[in-house]
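Colleague: Next come a sequence and a model predicted from it.
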Amino acid sequence: MNNRQFENQTFTKQDFTKTKLAFGDYDSCIFTDCIFSEVSLSGFSFTDCQFIDCNLSLVRLDKTALKEVSFINCKLLGVHFETCNDFLFSVSFESCILNLACFYRLSLKKIRFSGSSLKETDFTETDLSGADFDHCDLNGAVFVNSNLEKADFRTASHFSLDPEKNKLKKAKFSVSGLPGLLDKYQIEIS
């Protein structure tokens, strides 16, 4: 059975918890002020799409293709991105709430998180080389066996990274971020 194709369409103020989004492949579509909370988007494909002011909390993304997808001012609480189709997986986040999200073992090279809340988000074994955490709150975010080489944490806040359990070569930090690198040593910096 062939997937339906949707191109260059705009969806505004749709509540997909009440009316299901048609299953298919979405290319260059824009979703604005839509509700996807707890909806299954498993098996869907989104290419060059934008989600703006949408609620995608606890959305299910099993084998979902996200290729060059932008999330702007969206709520994505508890989303498990690690279940997505990893082929050409590419996303960016601007002013989003990604608390309790999971990116376990994903390749997120050069990903951009801008002005987003990533509290208690799981980045275990994630390749974040060259990632930019511009003005992001990383309180309680988990980084274990993560590749953070050349990642930019200069304007990020509340992060805690164990330099012995992560690759940090050429990662960028501000002086104010040093406590986040030394937490495990219980050193007081003033």
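Modeller: Yes, it's here.
Colleague: Now for the nearest residue to V79 once chain neighbours are set aside: which residues touch it?
Modeller: Sequence neighbours aside, A101 is the residue nearest to V79 in space, at 4.9 Å (criterion: C-beta to C-beta, 6 or more residues apart in numbering). For every residue, glycine as well, the C-beta is placed using N, CA and C. A101 is in contact with 76-81, 118, 121-122, counting by C-beta atoms under 8 Å, 6 or more residues apart in numbering.
Colleague: which of those residues sit farthest apart?
Modeller: Taking C-beta to C-beta, the two most distant members of the contacts of A101 are H80 and L118; they sit 14.4 Å apart.
Colleague: The two: which is more packed in?
Modeller: A direct count of neighbours by other C-beta atoms under 10 Å for H80 and L118 places L118 higher, at 26 against 17.
Colleague: That one and S95, how far apart?
Modeller: Per C-beta to C-beta, to the nearest Å, L118 is found 12 Å from S95.
Colleague: One more: P163?
Modeller: Distance of P163 to S95, given as C-beta to C-beta: 29 Å.
Colleague: same check, this time on K109
Modeller: Distance from K109 to S95, counting by C-beta to C-beta: 22 Å.
Colleague: Next, count neighbours for F93.
Modeller: Other residues near F93 come to 25 when the count uses other C-beta under 10 Å.
Colleague: can you list contacts of the strand or helix carrying it?
Modeller: Using DSSP states H and E, F93 maps to strand 91-94. With contacts defined as C-beta under 8 Å, 6+ apart, strand 91-94 is touched by 66, 69-74, 76, 81, 108, 111-116.
Colleague: Recalculate using a threshold of 10 Å.
Modeller: For strand 91-94, the external contacting residues (C-beta atoms under 10 Å, 6 or more residues apart in numbering) are 46, 50-52, 66-74, 76, 81, 84, 101, 103, 106, 108, 110-118, 132, 134, 136.
Colleague: do stretch 55-63 as well
Modeller: Contacts made with stretch 55-63 from outside it, assessed by C-beta under 10 Å, 6+ apart, are listed as 15-17, 31, 33-46, 71, 74-86, 96-101.
Colleague: hmm, try it at 6 Å
Modeller: Under the criterion C-beta atoms under 6 Å, 6 or more residues apart in numbering, residues 35-43, 74-79, 83-85 lie in contact with stretch 55-63.
Colleague: What of stretch 67-85?
Modeller: Stretch 67-85 is contacted by residues 46-59, 61-66, 88, 90-104, 106 when judged by C-beta under 6 Å, 6+ apart.
Colleague: So what's the model's average confidence on it?
Modeller: Throughout stretch 67-85, pLDDT has a mean value of 98.
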